[in-house]
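**Q** no letters, just coordinates:
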């Protein structure tokens, strides 16, 4: 797969990082341990605090991603878009225990150290996350809570601290069921009520 | 405020209840204790398990909703839509400690017992939730985890076990920032990758 667009990651202030997930997009969870990398899709991810920012994501205990998250204490979130719809569905449909998804699908990554959770060129926003030790809720609910330690977004999609209604192919995607996704549609502003 | 549409809640099988939140809509959290009712907006809610279904929602410790959730062990989620954009923003902007939002804004509710978390007519889907006792993560992260014990949806918006691209005014809404929301846009299907 060739790169679908040429992302231009610009740093997002940490106090605004929650906005990258505020509207409920499906995300890609990436991991790396210096030897191998992996990526899976997750529809169940959300912010849990503003500043300093925290996120929660559901990662099934049976997955390679979960083992790598627990071993390294780190993961990345790449927010995919319409241009990476097929890839998002593909990486969410098979385990990294079966084959190397990066090789299989020629997944592009931004330059980073080999033990850094990769940021995929398929994205329009990226978060670097450090796991908060909460073994009880991980065991009982597969819930992983983490600090967001850095965040970036492509200014073609997210600018001035918020998502923009920009190019159709850069709109975020929101999993409905079975490989179908809503795209982020139009932006509406609420009117004050007396 | 008059009713914006005439919702027709049809029961959703519990094994499909997660799909009501799968695509990341903003929700309305409702509570009732037999004496008073309250409602607030929450952008941070997601499924955490399929069957039996569980959800997680962030509810700030300083809110009336949180006190009522902890006192009753119950809450409801109403999934609002474009037609209830202004109401969603309004109930998310003020505390129920200041005034009765139901009276102030003539919020319509479906018929239920007075101690049942109300289902708002402003919605296109509804979930009844029973809190799972997790005081640690509630205290540390304001995360409330709950079982979903019943679910309903309006078949004009959600049918055959999934959201449909139907009437514009019944599309779900996804908070961007400061009272602006994405609407759920078009539905795209991923193509298989080799």
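**A** Nice, thanks for sending it over. Note that the structure is a prediction, hence the values are computed from the model and not measured.

**Q** list the buried residues of the longest helix anywhere in chain A.
**A** Identified as the longest helix of chain A according to DSSP state H is helix A:64-72. Neighbour counts over helix A:64-72 (16 or more other C-beta atoms under 10 Å in any protein chain shown) mark A:64-69, A:72 as buried. C-betas here are computed from N, CA, C, even on glycine.

**Q** out of those, which is nearest to residue B:113?
**A** Set against residue B:113, the nearest of the buried residues of helix A:64-72 by C-beta to C-beta is residue A:66 (41.0 Å).

**Q** burial measure for residue A:179, as a count.
**A** Using other C-beta atoms under 10 Å in any protein chain shown, residue A:179 has 18 neighbouring residues.

**Q** for it, list the residues it contacts.
**A** When contacts are counted by C-beta atoms under 8 Å, 6 or more residues apart in numbering or on different chains, residue A:179 touches A:89, A:93, B:189-190.

**Q** cutoff 7 Å now
**A** A:89, B:189-190 (C-beta atoms under 7 Å, 6 or more residues apart in numbering or on different chains).

**Q** just residue A:37 next, same as before
**A** Shown in contact with residue A:37 (C-beta under 7 Å, 6+ apart): A:30-31, A:102, A:118.

**Q** do residue A:46 as well
**A** The contact partners of residue A:46, taken as C-beta under 7 Å, 6+ apart, are A:21, A:55-56, B:44, B:46.

**Q** what separates it from residue B:48, distance-wise?
**A** Per C-beta to C-beta, to the nearest Å, residue A:46 is found 10 Å from residue B:48.

**Q** and residue A:124, how many neighbours?
**A** So residue A:124, with other C-beta under 10 Å, has 31 neighbours.

**Q** report whether stretch A:117-132 contacts chain B.
**A** No. Applying C-beta under 7 Å from any C-beta of the partner chain, one finds stretch A:117-132 separated from chain B by no less than 8.2 Å.

**Q** ok, stretch A:146-159 next?
**A** No. Interface with chain B: stretch A:146-159 contributes nothing (C-beta under 7 Å from any C-beta), its closest point being 9.9 Å away.

**Q** any idea how far apart the tips of that stretch sit?
**A** Counting by C-alpha to C-alpha, to the nearest Å, you get 24 Å between the two ends of stretch A:146-159.

**Q** can you list the buried residues in that stretch?
**A** Across stretch A:146-159, burial judged by 16+ other C-beta under 10 Å covers A:146, A:148, A:151-154, A:156-158.

**Q** between which two of those is the distance greatest?
**A** A:146 and A:156 (26.7 Å).

**Q** could I get the buried residues of stretch A:146-159 as a markdown table with pLDDT?
**A** Conversion of the buried residues of stretch A:146-159 to a markdown table gives the following (pLDDT from 0 to 100):
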| residue | pLDDT |
| --- | --- |
| A:146 | 98 |
| A:148 | 98 |
| A:151 | 98 |
| A:152 | 98 |
| A:153 | 98 |
| A:154 | 97 |
| A:156 | 95 |
| A:157 | 97 |
| A:158 | 97 |
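
**Q** which one of those residues sits closest to chain B?
**A** Using C-beta to the nearest C-beta, residue A:158 comes nearest to chain B of those, at 9.9 Å.

**Q** test of understanding: give the bridge partners of that closest one.
**A** According to DSSP bridges, the partner residues bridging residue A:158 are residue A:163.

**Q** which pLDDT value does the model give residue A:4?
**A** Residue A:4 carries a pLDDT value of 58.

**Q** contacting residues around residue A:158?
**A** A:20, A:124-125, A:164.

**Q** of all of chain A, which residue lies closest to chain B?
**A** Residue nearest to chain B within chain A (C-beta to the nearest C-beta): residue A:24, separated by 1.4 Å.

**Q** relative to residue B:181, how far out is that residue?
**A** Look at residue A:24 and residue B:181: by C-beta to C-beta, they are 11 Å apart.

**Q** comparing these two, which residue is more hemmed in?
**A** residue A:24 (31 against 27).

**Q** per-residue confidence at that one?
**A** 98.

**Q** could you find the closest non-adjacent residue to it?
**A** residue B:24 (1.4 Å; C-beta to C-beta, 6 or more residues apart in numbering or on different chains).

**Q** still on that earlier bit, which parts of the helix or strand that the longest helix of chain A is followed by are buried?
**A** As assigned by DSSP states H and E, the chain's next helix or strand after helix A:64-72 is strand A:74-80. By neighbour count with 16+ other C-beta under 10 Å, strand A:74-80 contains the buried residues A:74-80.

**Q** just to check, residue A:171 is in contact with residue A:183?
**A** Yes. Assessed by C-beta atoms under 7 Å, residue A:171 is found in contact with residue A:183 at 4.6 Å.

**Q** which neighbours do these two have in common?
**A** Jointly contacting residue A:171 and residue A:183 under the rule C-beta under 7 Å, 6+ apart are A:82, B:185.

**Q** the more surrounded of those two?
**A** residue A:171 (25 against 20).

**Q** thinking again about what came up before, any idea how far the residue of chain A closest to chain B is from residue B:36?
**A** Distance, residue A:24 to residue B:36, using C-beta to C-beta: 30 Å.
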